[in-house]
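**Student:** predicted structure and sequence below. I'll ask about it afterward.
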Amino acid sequence: MDIERNKNEDALKMAYSQVKMKLAGIYMGGGKKAIDKQKERNKLTARERIEYLCDADKPFVEIGAFAGYEMYEAEGGCPAGGTVAGVGYVSGRQCVIVANDQTVKAGAWFPITGKKNLRMQEIAMENNLPIIYLVDSAGVFLPMQDEIFPDKEHFGRIFRNNARMSAMGITQVAAVMGACVAGGAYLPIMSDETLMVENNGSIFLAGPYLVKAAIGEEVDIETLGGAVTHTEISGIADYRFKTEQECLDEIKKIFSKLGRGSTAGFDRAKSKPPRKNIKDIYGIIPADASKPYDMLEVIEHIVDNSEFDQFKKDYGQTIVCGYARIDGWAVGIVANQRKVVKRKKGEVQMGGVIYNDSADKAARFIMNCNQKKIPLVFLQDVTGFMVGSRSEHSGIIKDGAKMVNAVANSVVPKITVVIGNSYGAGNYAMCGKAYDPRFIYAWPSAKIAVMGGEQAAKTLLQIQVGTLKAKGRVIDPAEEKRLLEEIKSRYEQQTTPYYAAARLWIDDIIDPAQTRMLISEGIAAANHAPVSGDFKTGVFQV
């Protein structure tokens, strides 16, 4: 057993080391040359600005570091979506921070940049967190303007959100440390307070070149929209500073004086570390994703004192439900059990599959957590719902719909961690991205797709071979095998956590040992927003 665990540990640690290697490249933004150019202008990089601003004794949880990963190679790439963002603490106040990375295409907005910025505003609105914008952007990336400009979830939605957040009483502070042009100029002006750095910060609807082309006026950047212009003449900006550090210090002062709003009131006791060493968590998950393991072990390495009170322990055993504390916070955990379950009547159920009874149990447990105002944590390693005539006759669709209904209508915050497989409707029932988890993370071992690579490849191969046969072409076994491997390879590339993180289907690929901390920080954020409305399920088949 120890040998097997050592193999598992080596595999998972190696997978996370690959994550760290890729992150090292992402953290370089637009590269050393672009960073050096930033320094020549006495400007900090986006990551340096955030590091200076945030409290050193509190965690900064980065969101979307892999945004845009391998998506824009033809355009030269867009590391981190051209924006560094996350949830951190400034003067003791938890908040959202969004910083344009000027080293990436002058901070231009790619389609994924807009999606990432909207995700950060969504986090601020859902959790009632103040938000800080560190602005340094040349505006929309023009070659892709049709994919970022006009639609509902595009660039303009950001300013709509500015207005909505202001009406919600969410504090917004914008520090203009570089260019802020065209439509982007509305963001700082729609914030509560606007700060500018002299000689580098500028705000205008049209730059000097466009002004010359449009009306024939010749004007320099500083006169048109520099810090002096907007603090002395237009009155658009509220403060100006000679250095970025002075500007960031003022934000700290502003945040030190923010009033405290009401909270959700989620229960928190004194934190206790798990009895089981968190570092041993790497050895639990098999390197071969098809092999079973006990999800209870994972839970015991995450929860306080390794104590977990199971709900309906002997019923619906392919989903584990129960109450625990994570860093003191009371939570309800819904997790896929991956070991094979042998029931008392002799029936064997496959691990990771949702059966009728497990869906029924999970739906009831989710309703209980909503009744008690206890946040939900979903630990995903699911291959889907059980199929076949027996399950269909037993109403698996009805029971699955009941669970999906409960997840969709939950009013308590939900945090999802994809540990292994996340396939098909199982992704939905276990609170995938479409079901509004407050935060959603993935381990390096995660795989997200409509079905497993082997099943999908065989299904696609059957369709492809059938099409070729209909055209009178005979496929020999060797070519069929080659086609299968080609389809499988292409499909499995789309199931990796990198593919999901690039498209913001997940917020980040995380170190498994950080799972406990990230869940705790997520609940701390959610606790700023009182639970609104009562839990209602609507109509469903019973």
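**Tutor:** Received, thanks.

**Student:** tell me where the stretch 351-500 of the chain has strands.
**Tutor:** Secondary structure of the stretch 351-500 of the chain (DSSP state E, counting those that start in this stretch): strands at 353-354, 376-382, 384-385, 414-423, 439-442, 447-449.

**Student:** A363 touches K398, doesn't it?
**Tutor:** No. Taking Cβ atoms under 8 Å as the definition, A363 is not a contact partner of K398, at 10.9 Å. In short, each C-beta sits where N, CA and C put it, glycine included.

**Student:** between these two, which is the more surrounded one?
**Tutor:** Higher neighbour count among A363 and K398: A363, with 26 against 14, using other Cβ atoms under 10 Å.

**Student:** for that one, list the residues it contacts.
**Tutor:** Neighbouring residues of A363 by Cβ atoms under 8 Å, 6 or more residues apart in numbering: 399, 402-403, 405-406.

**Student:** coming back round to it: K345 is nearest to which of the strands of the stretch 351-500 of the chain?
**Tutor:** Within the strands of the stretch 351-500 of the chain, the stretch nearest K345 is strand 353-354; the backing value is 17.7 Å (Cβ to Cβ).

**Student:** that closest one: how far from the chain's middle?
**Tutor:** 25 Å (Cα atoms, centre = their mean, to the nearest Å).

**Student:** tell me the bridge partners for V382.
**Tutor:** S422 (DSSP bridges).

**Student:** what number of residues lie near it?
**Tutor:** 31.

**Student:** restricting to C-alpha, output stretch 213-230 in CSV.
**Tutor:** The C-alpha coordinates for stretch 213-230 follow below in CSV (Å, rounded to 0.1, in the frame of the first residue of the first chain):
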residue,chain,number,x,y,z
ALA,A,213,-7.5,62.8,-37.5
ALA,A,214,-11.0,63.7,-36.3
ILE,A,215,-10.9,67.5,-35.7
GLY,A,216,-7.4,68.6,-36.8
GLU,A,217,-6.3,69.6,-33.3
GLU,A,218,-2.7,69.0,-32.3
VAL,A,219,-2.3,68.2,-28.6
ASP,A,220,0.1,66.2,-26.4
ILE,A,221,-1.0,63.4,-24.0
GLU,A,222,-0.5,65.4,-20.8
THR,A,223,-2.4,68.4,-22.0
LEU,A,224,-5.2,66.2,-23.4
GLY,A,225,-5.7,64.0,-20.4
GLY,A,226,-2.9,63.8,-17.9
ALA,A,227,-3.1,63.9,-14.2
VAL,A,228,-2.7,67.7,-13.9
THR,A,229,-5.5,68.2,-16.5
HIS,A,230,-7.9,66.0,-14.7
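
**Student:** max-length helix in this protein?
**Tutor:** Counting residues, the longest helix in the chain under DSSP state H turns out to be helix 2-26.

**Student:** how about the residue lying farthest from the centre of the chain, phi and psi?
**Tutor:** Most distant from the centre of the chain: G472, at 47.9 Å, with distances by Cα atoms, centre = their mean. Taking degrees, to the nearest 10, you get phi 90, psi 10 for the backbone angles of G472.

**Student:** repeat that for Q172.
**Tutor:** Residue torsions, per degrees, to the nearest 10, at Q172 are phi -130, psi 130.

**Student:** related to what we said a few turns ago, what about the residue farthest from the centre of the chain, distance to I463?
**Tutor:** 17 Å (Cβ to Cβ, to the nearest Å).

**Student:** circling back: relative to I281, which of the strands of the stretch 351-500 of the chain is closest?
**Tutor:** That would be strand 414-423 among the strands of the stretch 351-500 of the chain, by Cβ to Cβ, at 10.0 Å.

**Student:** and that closest one, what does it pack against?
**Tutor:** Here strand 414-423 touches strand 376-382, strand 439-442, strand 447-449, helix 515-526, going by 3 or more Cβ pairs under 8 Å, 6 or more residues apart in numbering; DSSP states H and E.

**Student:** where's stretch 464-471 relative to the chain centroid, distance-wise?
**Tutor:** On Cα atoms, centre = their mean, the centre of stretch 464-471 falls 41 Å from that of its chain.

**Student:** list the buried ones in that stretch?
**Tutor:** 464-465 (16 or more other Cβ atoms under 10 Å).

**Student:** one more: stretch 394-413?
**Tutor:** 396, 399-407, 409-410, 412-413.

**Student:** you'd agree R41 is up against N200?
**Tutor:** Yes. The pair R41 / N200 is scored as a contact, 6.3 Å apart, by Cβ under 8 Å.

**Student:** contacting residues for the residue nearest to E51 when sequence neighbours are not counted?
**Tutor:** Once flanking residues are discounted, E51 sits nearest to F60: 7.9 Å by Cβ to Cβ, 6 or more residues apart in numbering. Residues near F60 by Cβ under 8 Å, 6+ apart: 50-51, 54, 86-89, 97.

**Student:** so which of these are in helices?
**Tutor:** Filtering these for helices - DSSP H - leaves 50-51.

**Student:** list only buried entries from the contacts of F60.
**Tutor:** Among the contacts of F60, those buried by neighbour count (16+ other Cβ under 10 Å) are 50, 54, 86-89, 97.

**Student:** from these, which is closest to C369?
**Tutor:** V87 (23.1 Å).

**Student:** any idea of the angle the worst-scoring helix or strand of the chain on mean pLDDT forms with strand 414-423?
**Tutor:** Lowest mean confidence among the helices and strands of the chain (mean pLDDT, DSSP states H and E): helix 453-470, at a mean of 74. Between helix 453-470 and strand 414-423, the angle comes out at 50 degrees (axes from the mean of the first three to the mean of the last three Cα atoms, to 10 degrees).

**Student:** list of residues touching helix 453-470?
**Tutor:** In contact with helix 453-470 (Cβ under 8 Å, 6+ apart) are residues 447, 449-451, 475, 480, 483-484, 487-488, 491-492, 495.

**Student:** redo that, cut-off 10 Å
**Tutor:** Outside of helix 453-470, the residues within contact range by Cβ atoms under 10 Å, 6 or more residues apart in numbering are 289-290, 383-384, 423-424, 447, 449-452, 473-475, 479-481, 483-495.

**Student:** can you lay out the strands of the stretch 351-500 of the chain as TSV showing mean pLDDT and distance to V104?
**Tutor:** Below are the strands of the stretch 351-500 of the chain laid out as TSV (pLDDT from 0 to 100; distance: least, Cβ to Cβ, whole Å):
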stretch	mean pLDDT	distance to V104
strand 353-354	94	41
strand 376-382	98	32
strand 384-385	90	38
strand 414-423	96	27
strand 439-442	98	24
strand 447-449	92	26
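
**Student:** so which of those strands gets nearest I299?
**Tutor:** Using Cβ to Cβ, the strands of the stretch 351-500 of the chain put strand 376-382 closest to I299, at 7.2 Å.

**Student:** by how many degrees do that closest one and helix 515-526 diverge?
**Tutor:** Per the same axes, to 10 degrees, the angle that strand 376-382 makes with helix 515-526 is 140 degrees.

**Student:** export only the CA atoms of strand 376-382, formatted as PDB.
**Tutor:** Below are the C-alpha coordinates for strand 376-382, written out as PDB (Å, rounded to 0.1, in the frame of the first residue of the first chain):
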ATOM      1  CA  LEU A 376     -21.700  24.000   0.600                       C
ATOM      2  CA  VAL A 377     -18.500  22.500  -0.600                       C
ATOM      3  CA  PHE A 378     -18.600  20.200  -3.700                       C
ATOM      4  CA  LEU A 379     -15.600  17.800  -4.200                       C
ATOM      5  CA  GLN A 380     -16.000  16.400  -7.800                       C
ATOM      6  CA  ASP A 381     -14.700  13.100  -9.100                       C
ATOM      7  CA  VAL A 382     -17.700  12.000 -11.100                       C
END
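
**Student:** quick one: distance of that strand to the chain centre.
**Tutor:** The answer for strand 376-382 is 15 Å, by Cα atoms, centre = their mean.

**Student:** can you pull the phi/psi pair for the closest residue to A524 other than its chain neighbours?
**Tutor:** For A524, the nearest residue in space outside its immediate sequence neighbours is Q94; the separation is 6.3 Å by Cβ to Cβ, 6+ apart. When read as degrees, to the nearest 10, the backbone of Q94 gives phi -70, psi 140.
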